[in-house]
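In: Sharing a model that was predicted from the sequence below.
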Amino acid sequence: MYKIVEKKVLSKDIKLLGVVAPHVTFNAKAGNFIIVIPDEKGERIPLTIYDWNKEKGILYMVFQEIGLSTIKLGKLNVGDDVFAVAGPFGHHFHSEKYGNTVVVGGGVGVPAIYPIARQLRQDGNKVTSIIGYRTKDMVVLEDEMRAVSDELKIATNDGSHGQKGFVTDVLQQMIDKGDKIDLVVAVGPVVMMKAVSDLTKKYSLKTIVSLNAMMVDATGMCGGCRVTVGGEVKFSCVDGPDFDGHKVDFEQLTSRLSAYKDEEKHSLNHNCNLNPGIKAASDGRK
Amino acid sequence: MEENKIPKAKRPRVAVRQQEPQIRVNNFNEVPFGYNEEEAVAEAERCIQCKNPTCILGCPVNINIKEFIRRIAVRDFKGAIDTIKNDNSLPAVCGRVCPQEEQCESTCVMLKTKNPINIGSLERFAADWEAANLKQEATVITKRLGRDGKLIKIAVAGAGPAGLTLAGDLVKMGYSPVVFEAMHIAGGVLVYGIPEFRLPKAIVQREVDYLQKIGVEFQLNVVIGKSYTIDDLKKQGFKAVFIGVGAGTPMFLGIPGENLKGVYSANEYLTRINAMKGYLFPEYDTPVRVGKKVAVVGAGNVAMDSARWSKRLPGVEESHIIYRRSDAEMPARKEEIERAHEEGVIFNLLTNPVEVLGDENGWVKGIKCIKMELGEPDSSGRRKPIPVPGSEFVIELDTIIPALGTKANKLLTSDVPGLKLTKWGNIEVDPETGATSIPGVYAGGDITTGSATVIAAMGAGRKSAKAIAKYLEELES
């Protein structure tokens, strides 16, 4: 059991929890992820580590309520316990001095790129961050991202905040302007990571993506998170989660991520019928 | 009670009552009921109490089998379980999952009459009798202190059979073991791998509870090598480390289409169902999608477990085994193969998969196989399967489960300076002590041997416990 000591509602369906998990913060680094089980009947879900305080042993996670497990997590409050928090898992982000770096975050990918941007900057890189959202109401962590970036660019699909368009439009403008780019890091929905990788491939810009494959144990034991990278099968939990964006088979990843669509609906409905609190939370985020 | 006049050698084994196949495929309960007191005594009375009991040598942890059987025969059931527990801290587990026919029972002199004593069922009886009749009591153990006046702590990576046995032994000697487990439950393969209907999880939990009561500390959700490195553990004051993290990484078929949705490694399939209780979805949140027709590729114990689980899941109409060799070469226990047959598992032998076929949405729709025939014996001594040209055919399926064994998981071992590995990536150890190339660091179980048995891992845990105690005595004196 891991005590929640902080909670913030960042947008209608994106929340931050701070939990006491010194075993995770002890060696946590940018790009690592954790496995969280909301309650004793819950699933093991992977979440990227957003931030941590090693001295106090507090781990911060940010998640979007997209299904039963994240809705269950979002219902917990300060003083409640999370059933299980395990980690840190995966190779951490390999940061060094690259020069001019662009970190791209889409929606719930923003909390995942935050520690990466911070690390790159600490290591002496110029960091330009591009963060994109559907609309103004969904913008999260803008100030936090600004604090760890040399320059922050915002895009919304409908133009209600920042520039109108996609993160790839902003990146294309930078390329067109002739900005020197030594490394691109992109984290977000698969369609976004694919779009960024397709774009940068044309200009041979090195691009790292962090994959959010479905996982169970996260220790390399089950292989549920396998992805094809450069024609080879890799386990995203132990070989990743970071991979060369130009080599990832995004189509396969998208397909595998959809495997439990029906079961996810079924399980959410089942719980909504049992628990009015979950039903309210589920309806509230729509 | 009337004395049995039939000579011992002529009495058949006392049959173990079990759930009928058509009933058990509709529930998740254990298949054999186990002996009751009368049955156990009758079976124990068949034992001729050899002067030189070869059964004991056949047991990897050398339980005093002769003596515990004698105790059952005279109805001293407590004496029986105490005798077993001198050498085996998990008798309820071993009585159920040990391959006795290859170990103790294979060396029983009664084998000559084709009726070896059913040692496994007697061990299970003694353990279950204890659970039903005695309260689990925690004896107070005096803790040893080191030269610094503090508890002598030993870090154990992995709460599987090796780690649990080692921790139990060390705590009884007065040491202070702390077991770190990456998953949210202790038990390792006993909880994620072995099915509920072969080893009820409540039995494993009872053993873990007992260890906790006698002073073993468990830290779940902690991954050694990630949360803390071996070096971190030493800095935190652990005087020795034992690595018992299991074999780990599943092997896949290496054929086209195996990343389609509906292909699970046996590890993933069993973990979803067992450890995450996917068989109780949606009461539990972890789903497992199986469809109507399921095939397991392979014929070891894990393959049988997967095929037999499939028979029990709602909606499954056909459960297949696909195996490239013949009946005689199947590596699973005979008992498991028999039970799979009884439950209606369809065996496709001398059949080798060549391609997984998918539909337009990326789901498995079948598997293309080729017929095989047996040629000359290969390096394993088994006749080598050779494809029959032009014999390709398709089995329509919804789910495919490769159960092809595992290879060494590098999660922990890849990052330990000075730790010597074998060419297969397993940790190199002294087989007598489990000592690795790093002083104070020991290892045992599948991470040192590759996939083996629960009892072999327990035996390794026992040996390392003794070796660690000796190492610590020298260190702390």
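Out: Perfect, thanks for sending it.

In: drop to CA atoms for contacts and neighbour counts, all remaining ones
Out: Noted.

In: what residues are up against the residue in the stretch 1-150 of chain A that chain B sits nearest to?
Out: Residue nearest to chain B within the stretch 1-150 of chain A (CA to the nearest CA): residue A:86, separated by 4.4 Å. By CA atoms under 8 Å, 6 or more residues apart in numbering or on different chains, the residues touching residue A:86 are A:24, A:34, A:35, A:36, B:182, B:183, B:221, B:222, B:223.

In: now with 10 Å?
Out: By CA atoms under 10 Å, 6 or more residues apart in numbering or on different chains, the contact list for residue A:86 reads A:21, A:23-24, A:33-37, A:44, A:46, A:217-218, B:181-184, B:220-223, B:227.

In: which residues does it bridge with?
Out: Here residue A:86 sits in beta bridges with residue A:35, going by DSSP bridges.

In: Quick check: pLDDT value at it.
Out: In this prediction, residue A:86 carries a pLDDT score of 97.

In: ditto for residue B:3
Out: 69.

In: what helix or strand is the nearest residue to residue A:271 once chain neighbours are set aside on?
Out: Spatial nearest neighbour of residue A:271, chain neighbours left out: residue A:278 (6.8 Å); criterion: CA to CA, 6 or more residues apart in numbering or on different chains. According to DSSP states H and E, residue A:278 maps onto helix A:276-284.

In: Could you list the alpha-carbon positions for that helix in CSV?
Out: Extracted in CSV, the C-alpha atoms of helix A:276-284 (Å, rounded to 0.1, in the frame of the first residue of the first chain):
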residue,chain,number,x,y,z
PRO,A,276,-22.2,4.8,-8.7
GLY,A,277,-18.9,6.6,-7.9
ILE,A,278,-17.1,5.1,-10.9
LYS,A,279,-20.1,5.8,-13.1
ALA,A,280,-20.1,9.4,-12.0
ALA,A,281,-16.4,9.7,-12.7
SER,A,282,-16.8,8.0,-16.0
ASP,A,283,-19.6,10.3,-17.1
GLY,A,284,-17.8,13.4,-15.7
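
In: for the record, mean pLDDT for the strand ranked longest in chain B?
Out: Identified as the longest strand of chain B according to DSSP state E is strand B:364-377. Averaged across strand B:364-377, pLDDT comes to 95.

In: Are it and chain A in contact anywhere?
Out: No - Strand B:364-377 stays clear of chain A (CA under 10 Å from any CA of the partner chain), getting no nearer than 11.2 Å.

In: next one: stretch B:445-455
Out: No - applying CA under 10 Å from any CA, one finds stretch B:445-455 out of contact with chain A, separated by at least 12.5 Å.

In: wait, what's in contact with the one residue in the stretch 51-200 of chain B that gets nearest to chain A?
Out: Closest to chain A within the stretch 51-200 of chain B is residue B:184: 6.5 Å, counting by CA to the nearest CA. Taking CA under 10 Å, 6+ apart, we find residue B:184 in contact with A:1, A:36-37, A:40, A:44, A:83-86, A:217, B:219-222, B:275-276.

In: Check residue A:43 too.
Out: Counting by CA under 10 Å, 6+ apart, residue A:43 has contacts A:35-37, A:68-70, A:215-216, B:272, B:276-278, B:284-287.

In: Out of those residues, which sit inside strands?
Out: Using DSSP E, the subset of those located in strands is A:35, A:36, A:37.

In: what's the nearest residue to residue A:218 if we skip its chain neighbours?
Out: In space, residue A:218 is closest to residue A:237, 5.1 Å off (CA to CA, 6+ apart).

In: actually residue A:71, not the one I wrote
Out: Counting by CA to CA, 6+ apart, residue A:71 lies nearest to residue A:65, which is 5.1 Å off, once chain neighbours are set aside.

In: Need the pLDDT of that neighbour.
Out: 92.

In: And the strands in the stretch 101-250 of chain B, which stretches?
Out: For the stretch 101-250 of chain B, the strands defined by DSSP state E, counting those that start in this stretch cover B:153-157, B:176-181, B:217-220, B:240-243, B:248-250.

In: Can you give me the neighbour number for the nearest residue to residue B:90 once chain neighbours are set aside?
Out: Once flanking residues are discounted, residue B:90 sits nearest to residue B:207: 6.9 Å by CA to CA, 6+ apart. Neighbourhood size, residue B:207 [other CA atoms under 10 Å in any protein chain shown]: 21.
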